[in-house]
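Participant: For reference, the sequence and a predicted model appear below.
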Amino acid sequence: MKFTKIIAAFAIASLVLVSCKKEEDKNLANIKAVETVSPKEHKAIAAENVQTASFAIEGMTCAMGCAKTIEKELSNLDGVEKATVDFDKKTATVVFDKTVQNQENLTKVVQATGDGKTYKVSNFKS
């Protein structure tokens, strides 16, 4: 009986370690992909065209892999001056040129960052 408990504990511990390693490896790949993207030069936006939007993002599981990747994708869009994603609050704030970007485009970019099903945008306020 004691031997069976030891084997069961070992099997559970091995399963947990292997599962966590796969998630960690995937996150490291996302981080490396983000690091290879060079920062985009931002064109100045005319004051009358500046718009700030904030929205909720559901589906993020980590600050470095999910939130930073979404932030980089939004920041690299034409017409976006600044994008910040707060993992803890599950929100994003984007300052953009309203003649170049809109709610629909920003939402599509966030959702496309995952597999189209992972991240969901809601409560869009501009």
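Facilitator: On my side now, so go ahead.
Participant: hey, let's count contacts and neighbours off CA atoms from now on
Facilitator: Noted.
Participant: helix, strand or coil for residue 122?
Facilitator: Three-state call for residue 122 (DSSP: H, G, I helix; E, B strand; the rest coil): strand.
Participant: For it, list the residues it contacts.
Facilitator: Neighbouring residues of residue 122 by Cα atoms under 8 Å, 6 or more residues apart in numbering: 55-58.
Participant: try it again with 10 Å
Facilitator: Contact analysis of residue 122 by Cα atoms under 10 Å, 6 or more residues apart in numbering lists 54-58, 91, 107.
Participant: got it, and residue 90?
Facilitator: 55-61, 63, 67, 121.
Participant: Identify the farthest-apart pair in the contacts of residue 122.
Facilitator: By the measure Cα to Cα, 54 and 58 form the most distant pair in the contacts of residue 122, at 13.4 Å.
Participant: neighbour-wise, which of these two wins?
Facilitator: Just comparing residue 54 and residue 58: by other Cα atoms under 10 Å the higher neighbour count belongs to residue 54, 19 against 15.
Participant: The more buried one: helix or strand, and which one exactly?
Facilitator: Following DSSP states H and E, one finds residue 54 within strand 50-58.
Participant: Mean confidence (pLDDT) on that strand, please.
Facilitator: For strand 50-58, mean pLDDT is 94.
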